[in-house]
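Novice: This is the structure alone, sequence omitted:
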């Protein structure tokens, strides 16, 4: 968990009433939360304890500070979680490390009572990091919220953190070792594509900032109608709306480029026709175009 991520979650949870007890999935060990990543306890867990919020820690590893240990898909573990009678689930950086995201999302939704909260965070711009797997799930806030259809968005944002280069500069004594280690990994072309990708993917964030998707959802009454598209716009943050508008503009530009390309190839844009191209099926000149596309002007 990034420092900025823990700070955002701590501030947003402080605004929510009646969230106890809280179940944290993938909480890791007490040593990890307090020694290796002390900002997790300082910014997230300590404020909750000061509010007398009960926190139940669950993780795959059995160690100090883990109340429920085991695989979340194990029925015995799920039975123990049901006994907690939780009201809030804190699931940080877990969904990118499971092979069955829909099942995990359904289980979380079933455990949360009406009016309870689902707190999600996960990488948005982040290197490959298997633990033990990384399915490269890098959702936007809207994509994360879509996994929980019976919930309304309370808060959502894409939190920006530092770069990997900035983290290296914080440890100047490690710069020579990391530079040599990175150079050796870059030259390991014989390692295979997957292994080479795994070892060198982090270099892309040498000057690129890490980003984390953070979303807080509230489970609505099962008898209440889902809000309309226009009514639900108030739940989205400006950053989320900005990303949606940018994506729509990109798709519009791609559609115009596709139309121009296929019309040019069959001579319907004022240019001379190309007899080498079949009038009803056109070969795309760009990788993202549909190679079996039909020109809008050649449908008859």
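Specialist: The structure has been received and is ready for your questions. These numbers come from a predicted model, not from an experiment.
Novice: How far does whichever strand in the chain runs longest sit from its chain's centre?
Specialist: Identified as the longest strand of the chain according to DSSP state E is strand 151-163. Distance of strand 151-163 from its chain centroid, counting by C-alpha atoms, centre = their mean, to the nearest Å, is 10 Å.
Novice: Next SSE downstream of that strand?
Specialist: helix 164-169 (DSSP states H and E).
Novice: ok, and what's touching the helix or strand following that following helix?
Specialist: Downstream of helix 164-169, the next assigned helix or strand under DSSP H and E is helix 175-186. Helix 175-186 is contacted from outside by 168, 169, 199, 200, 203, using C-beta atoms under 8 Å, 6 or more residues apart in numbering. Where you see a C-beta, it was placed from the backbone N, CA and C, and this is true even at glycine.
Novice: Tell me which two of the residues you listed sit farthest apart.
Specialist: For those, the maximum inter-member distance is 21.7 Å, found between 169 and 199 (C-beta to C-beta).
Novice: Pick out whichever of the two has more residues nearby.
Specialist: More crowded of residue 169 and residue 199, by other C-beta atoms under 10 Å: residue 199, with 17 against 12.
Novice: quick one: the more buried one from residue 39, how far?
Specialist: Look at residue 199 and residue 39: by C-beta to C-beta, to the nearest Å, they are 27 Å apart.
Novice: Burial check on the closest residue to residue 21 other than its chain neighbours, number of neighbours?
Specialist: Using C-beta to C-beta, 6 or more residues apart in numbering and skipping the chain neighbours, the partner closest in space to residue 21 is residue 54 (4.0 Å). As a burial measure, residue 54 scores 14 neighbours (other C-beta under 10 Å).
Novice: try the one 4 residues further on
Specialist: Taking other C-beta under 10 Å as the neighbour definition, residue 58 ends up with a count of 22.
Novice: Show me where this protein has its helices.
Specialist: 3-13, 30-31, 38-40, 46-50, 75-84, 101-111, 141-146, 164-169, 175-186, 193-200, 238-265 (DSSP state H).
Novice: Out of these, the one nearest residue 157 is which?
Specialist: Closest of the helices of the chain to residue 157 is helix 238-265, at 5.7 Å (criterion: C-beta to C-beta).
Novice: now that closest one: mean pLDDT?
Specialist: Summarised as a single mean, pLDDT over helix 238-265 is 57.
Novice: end-to-end on stretch 200-218?
Specialist: 39 Å (C-alpha to C-alpha, to the nearest Å).
Novice: actually stretch 89-106, not the one I typed
Specialist: 13 Å.
Novice: So which bits of it are buried?
Specialist: By 16 or more other C-beta atoms under 10 Å, the buried positions in stretch 89-106 come out as 89, 90, 91, 92, 93, 94, 95, 96, 97, 98, 104, 105.
Novice: Now for the first one: which residues touch it?
Specialist: In other words, residue 89. Applying C-beta under 8 Å, 6+ apart, we find residue 89 in contact with 22, 23, 24, 25, 108, 111, 112, 116, 117, 118, 119.
Novice: In the sheet, which residues pair with it? Tell me.
Specialist: residue 23, residue 118 (DSSP bridges).
Novice: just to revisit the earlier point, what is the mean pLDDT for the longest strand of the chain?
Specialist: 94.
Novice: Give me the buried stretch members for it, please.
Specialist: Buried residues in strand 151-163, counted by 16+ other C-beta under 10 Å: 151, 152, 153, 154, 155, 156, 157, 158, 159, 161.
Novice: any idea which of these is the one closest to residue 3?
Specialist: residue 161 (7.1 Å).
Novice: From what I see, the closest one and residue 2 are in contact.
Specialist: Yes: counting by C-beta atoms under 8 Å, residue 2 is a contact partner of residue 161 at 4.4 Å.
Novice: residues shared between the contacts of the two?
Specialist: Common neighbours of residue 161 and residue 2, using C-beta under 8 Å, 6+ apart, are 210, 212.
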